[in-house]
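K.L.:
mind looking at a prediction? Sequence and model below.
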Amino acid sequence: MAKIGGLLAAGRTFSFEFFPPRTDEAERLLEKTLLELEPLQPSFVSVTYGAGGTTRDRTREIVSYINRDTSMTAMPHLTCVAHTCADITDIVTGYRDEGFENILALGGDPPVLTEGEPEPQSDFEYALELVELVRSLGDFSIGVAAHPELHPRSNKDRRLDRDHLATKLRAADFGVTQFFFRTGDYLSMVDDLAARGVDKPVIPGIMPVTNAKQVQRFAQMSGADFPPDLAARLEAVADHPEEVRRIGVEVATELCQELLDEGAPGLHFYTLNRSRATQEIYANLGLGPAAA
């Protein structure tokens, strides 16, 4: 394993994100995707963590499998909403004792409760509190989330959003952004952080559009703006899935190249547990094992 903060200090990183499968079929798909992407030799990969810890055990199983049975370095996501300090301490010390060196510390979304179900106990309100606790429990390289188009809870208050992000990054080692579609949004965020004296590396998150309705739904949930011109291009070929995927890969490739040209510290691909789009973007950019 390797600390991601150290990898970023040495050069660019190229990384992939996966989510825990919920069915046997989805598990087989993830195993296939891991086999197909491993030859690209990513700097690291990450595995998400469900709202309120709904995939807590599956996240642990998958990152342990990746670190044990593949050549890739896995970083678990960890959210703090709907968790107690004792919950988090148990999870983090378990990762520490297993030899993990990296954690992505997130606030997270509250779980969806059924009628009459009690609210789970929570000792946390912000991701910064989680960063501080993780830091106290082990020698981890800690990442945090960044939102180029402002956090959904910011109420569109740009100054307040950037102040919170700067404070969070000062306590962490690096950031990974929510996906976005315009290079200018990322560069504006980096400039805002620099104006606050923060120069920690923030890795752009990239989500190729291979299913327009799905990505539009994700964008709405995360506060990202789905560009009208891209929506129009995709709507024109909505009945042709391969053409939708081709446009999505083309647009993502252009975004990645612009970001690299502007000096981004790396790229983090939201794979949705599939390999094809990431493989194609890698090829389009001339990336490969040597670059990663």
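P.N.:
That came through fine.

K.L.:
phi, psi for the residue nearest to residue 266 when sequence neighbours are not counted please.
P.N.:
Closest residue in space to residue 266, ignoring its immediate chain neighbours: residue 13 at 3.7 Å, by CB to CB, 6 or more residues apart in numbering. To be clear about C-beta, it is placed using only N, CA and C from the backbone, and glycine gets the same treatment. The phi and psi values for residue 13, taken as degrees, to the nearest 10, are phi -120, psi 150.

K.L.:
so residue 13 sits against residue 4, correct?
P.N.:
Yes: assessed by CB atoms under 8 Å, residue 13 is found in contact with residue 4 at 6.9 Å.

K.L.:
and the longest helix for this protein?
P.N.:
helix 241-261 (DSSP state H).

K.L.:
so where's the stretch 101-250 of the chain shaky on pLDDT?
P.N.:
Applying pLDDT under 70 to the stretch 101-250 of the chain picks out residues 111-114, 116, 222.

K.L.:
and the closest residue in space to residue 180 that isn't next to it in sequence, what is it in contact with?
P.N.:
Among residues not flanking residue 180 along the chain, residue 148 sits closest, at 4.7 Å (CB to CB, 6+ apart). Residue 148 makes contacts with 177, 178, 180, 185, 186, 188, 189, as judged by CB atoms under 8 Å, 6 or more residues apart in numbering.

K.L.:
host element of the fourth one?
P.N.:
Read that as residue 185. helix 183-195 (DSSP states H and E).

K.L.:
for residue 151, which residues are in contact?
P.N.:
Contacts of residue 151 (CB under 8 Å, 6+ apart): 161, 164, 165, 223.

K.L.:
same question, residue 42
P.N.:
Counting by CB under 8 Å, 6+ apart, residue 42 touches 14, 15, 16, 72, 292.

K.L.:
ok, and what's touching stretch 245-252?
P.N.:
Under the contact criterion CB under 8 Å, 6+ apart, stretch 245-252 has outside partners 181, 206-210, 212, 215, 230, 233-234, 237, 276-277, 280-281, 284.

K.L.:
still on that earlier bit, among the contacts of residue 148, name the buried ones.
P.N.:
177, 178, 180, 185, 186, 189 (16 or more other CB atoms under 10 Å).

K.L.:
out of those, the closest to residue 121 would be?
P.N.:
Set against residue 121, the nearest of these by CB to CB is residue 178 (27.4 Å).

K.L.:
how close does residue 175 get to residue 108?
P.N.:
16 Å (CB to CB, to the nearest Å).

K.L.:
list the buried ones in stretch 203-213?
P.N.:
203, 204, 205, 206, 207, 208, 209, 210, 211, 212.

K.L.:
can you give me the end-to-end distance of that stretch?
P.N.:
Start-to-end span of stretch 203-213 (CA to CA, to the nearest Å) is 25 Å.

K.L.:
tell me where the stretch 101-250 of the chain has helices.
P.N.:
With helices called from DSSP state H, counting those that start in this stretch, the stretch 101-250 of the chain shows them at 127-137, 158-171, 183-195, 212-222, 228-236, 241-261.

K.L.:
tell me the spacing between the closest residue to residue 56 other than its chain neighbours and residue 17.
P.N.:
Nearest in space to residue 56, with sequence neighbours left out and distances taken as CB to CB, 6+ apart, is residue 49 at 6.7 Å. Relative to residue 17, residue 49 is positioned 11 Å away (CB to CB).

K.L.:
now swap in residue 139 and tell me
P.N.:
The gap separating residue 139 from residue 17 is 24 Å, by CB to CB.

K.L.:
more neighbours: which of those two?
P.N.:
residue 17 (23 against 8; other CB atoms under 10 Å).

K.L.:
out of the contacts of residue 151, who's nearest residue 263?
P.N.:
The closest of the contacts of residue 151, once distances to residue 263 are taken by CB to CB, is residue 165, at 19.0 Å.

K.L.:
apart from its chain neighbours, what residue comes closest to that closest one?
P.N.:
residue 146 (5.8 Å).

K.L.:
wait, the one you found sits on residue 188?
P.N.:
No: Residue 146 is beyond contact range of residue 188, at 11.9 Å (criterion: CB under 8 Å).

K.L.:
could you find the closest non-adjacent residue to residue 158?
P.N.:
Leaving aside its chain neighbours, residue 158 sits nearest to residue 150 (6.3 Å; criterion: CB to CB, 6+ apart).

K.L.:
list the contacts for the one you found?
P.N.:
Residue 150 makes contact with 156, 157, 158, 161, 223, according to CB under 8 Å, 6+ apart.
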